[in-house]
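Chemist: Quick check, what structure comes out for this input:
(chains A and B)
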Amino acid sequence: MKFLNKKEKEELKAKIRNSWNAEIEIEEIAMSGEKKMWLVSRQAAIANTQKLRMESIGSYFAKYDKRGDLRLSIEGSIIVGPKAKKNVVELTDKELALWVRGINLDTKTGIEGYVILKKGKDYFGCGKAFEKGILNHVPKERRIKNL
Amino acid sequence: MKKPEFKKKFVERYTDLLGEEVNDFLEKSLEFLPRTIRVNTNKIEVKELRERLEAKGWNVKPVKFYDKGFIIKNDEALGNTYEHFLGYYYVQEAASMIPPIILNPSENDSVLDSCAAPGSKTTQLSMEMNNSGLVVSNEVKLPRLAILASNVQRMGCKNVIITKGSGTGMHAGGIKYDKILVDAPCSATGAIRKNLKIITQWNENVPLRICSLQKKILYSSLQALKKGGELVYSTCNLEPEENENVVNHAIEKYGVKVLPVKLKGLKTRPGITSWKKEDFDKSIKNCARIYPQDNNTEGFFVARMTK
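Modeler: Numbering: from 1, shown residues only, chains lettered A, B, ... in the order given. Here you go, the predicted structure:
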């Protein structure tokens, strides 16, 4: 696990700007070897963790996929979504009910790449939009089984 | 469904504790708990969530002693809503909201939650600190760690570090904390209203067996506490062996000072100063016994101390 330096943070912000046309401020952000990133409070970032058997730190924000594209977590979409000016998809009631159960959507967006899913003022994560629909990345433990 | 019967020795024990009031305690212990949630102010304001839930037709009333807690009357399963999915609230029993309130951490504090899973108190501490400072959230069991991590994520806690380890090893972590919460593993007899099986599983020898572990966890956490720092020790039961006895041990062995526990809107009873021919330090009276019949909650014990 390492913390992003100033240059890496700027690259991340540029990626967010490119993908969703959103400007956000990032304080401390940690990255794992799998290119996953966590938002961390300042004090947690400087804590002396050498003797701690650390399992995780902070709030999972986003991940660079194999192509270098950025996929936001649900919490990441809640931060970026309100500021995003493109690649945001408004879901219908029916689509949202499927989405939170972890089901891929047939929604044709005309977009290729990651989109933020929203309904009204709420942001429900990020899916990969392609020709036939939107791939779902809602983690298993987060899914609503019985709506 | 026929409700289980309390064991004779259980009734005798609680008669010793409560006298004539024991029937109030036993009857209340068989009632369903009110359904309560805690607003997650890391993500949404209290007013906004309340308005949103009321717009859905929910009956929402504030918990008397905590403005971020709500009592809910509705037919929906609380864990199956969009608001729960988004992390706008945590389904949490009202009495379990008390220890973090009493600990009262500040934004820049470093805080330890030494027995943290599934994470209701860790995430409450996180939000009371406005998602800043540091909360080290420790759990020993692997399956429970996964649940803890999931809840910390859902609540959007960026100030939490999750660690895996025994609560008896906190002093070896290399950090000294401003505040520590020890919500100790216990016999859970205060949680009968959530799980009636506890009645049939109760065994009078369990409190004596488990208090040895509780003392070790408390000792380790006290070593990790800064001088002048505060520690809250809590359990979800009212067994003197697991509560007053453990706190008394800390007073005698480590010289801690027990501070009063007061919370507006919460009825508490003082810690008892003797049990089964053993006398405890007089300052044990500063501890709080929270009986189910007093606030319509689970049974809980809370002690606040400093060194």
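Chemist: what number of residues lie near A:Lys7?
Modeler: The local packing of A:Lys7 (other Cβ atoms under 10 Å in any protein chain shown) involves 8 other residues. Every residue, glycine included, has its C-beta placed from N, CA and C.
Chemist: do whatever helix or strand it lives in and chain B meet?
Modeler: When elements are assigned from DSSP states H and E, A:Lys7 belongs to helix A:6-20. No - applying Cβ under 8 Å from any Cβ of the partner chain, one finds helix A:6-20 out of contact with chain B, separated by at least 14.9 Å.
Chemist: In that helix, which of the residues would be classed as buried?
Modeler: Of the residues in helix A:6-20, those scored as buried under the neighbour-count criterion (16 or more other Cβ atoms under 10 Å in any protein chain shown) are A:9, A:12, A:16, A:19-20.
Chemist: do the same with stretch B:273-288
Modeler: Using 16+ other Cβ under 10 Å, the residues of stretch B:273-288 that count as buried are B:273, B:275, B:280-281, B:283-288.
Chemist: can you put these in TSV and add distance to chain A, pLDDT and secondary structure?
Modeler: As requested, the buried residues of stretch B:273-288 are arranged in TSV below (distance: Cβ to the nearest Cβ, whole Å; pLDDT from 0 to 100; DSSP: H, G, I helix; E, B strand; the rest coil):
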residue	distance to chain A	pLDDT	secondary structure
B:Thr273	38	97	coil
B:Trp275	37	96	strand
B:Phe280	34	97	coil
B:Asp281	33	98	coil
B:Ser283	33	98	helix
B:Ile284	33	98	helix
B:Lys285	36	98	helix
B:Asn286	31	98	helix
B:Cys287	30	98	coil
B:Ala288	30	98	strand
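Chemist: quick revisit: I'd like the next helix or strand past the helix holding A:Lys7.
Modeler: Beyond helix A:6-20 on the C-terminal side, the first helix or strand identified by DSSP H and E is strand A:28-31.
Chemist: Counting by contacts, list what that following strand packs against.
Modeler: Secondary-structure packing of strand A:28-31 (3 or more Cβ pairs under 8 Å, 6 or more residues apart in numbering or on different chains; DSSP states H and E): strand A:2-3, helix A:6-20, strand A:36-40, helix A:42-45.
Chemist: Show me what the second one is packed against.
Modeler: Taking 3+ Cβ pairs under 8 Å, 6+ apart as the contact definition, the neighbouring helices and strands of helix A:6-20 are strand A:28-31, strand A:70-72, strand A:113-119.
Chemist: let's go with 6 Å and repeat that
Modeler: For helix A:6-20, not one helix or strand is in contact under the criterion 3 or more Cβ pairs under 6 Å, 6 or more residues apart in numbering or on different chains; DSSP states H and E.
Chemist: Send over it as PDB, restricted to the C-alpha atoms.
Modeler: Output of helix A:6-20 as PDB, limited to C-alpha atoms (Å, rounded to 0.1, in the frame of the first residue of the first chain):
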ATOM      1  CA  LYS A   6       1.000  15.100  -5.900                       C
ATOM      2  CA  LYS A   7       1.600  14.100  -9.500                       C
ATOM      3  CA  GLU A   8      -0.400  10.900  -9.100                       C
ATOM      4  CA  LYS A   9      -3.200  12.700  -7.500                       C
ATOM      5  CA  GLU A  10      -3.300  15.200 -10.400                       C
ATOM      6  CA  GLU A  11      -3.300  12.200 -12.800                       C
ATOM      7  CA  LEU A  12      -6.300  10.800 -11.000                       C
ATOM      8  CA  LYS A  13      -8.100  14.100 -11.000                       C
ATOM      9  CA  ALA A  14      -7.400  14.400 -14.800                       C
ATOM     10  CA  LYS A  15      -8.900  10.900 -15.300                       C
ATOM     11  CA  ILE A  16     -12.000  11.900 -13.400                       C
ATOM     12  CA  ARG A  17     -12.300  15.100 -15.400                       C
ATOM     13  CA  ASN A  18     -11.900  13.100 -18.600                       C
ATOM     14  CA  SER A  19     -14.400  10.400 -17.700                       C
ATOM     15  CA  TRP A  20     -17.100  12.400 -16.000                       C
END
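Chemist: For B:Val152, pull up the helix or strand it's in.
Modeler: Applying DSSP H and E as the criterion places B:Val152 in helix B:142-154.
Chemist: is any part of the very next helix or strand once past that helix close to chain A?
Modeler: Helices and strands here follow DSSP H and E; after helix B:142-154, the next one along the chain is strand B:160-164. Yes - looking at strand B:160-164 against chain A by Cβ under 6 Å from any Cβ of the partner chain, the contacts come from B:161-164.
Chemist: Fine by me, we can end here.
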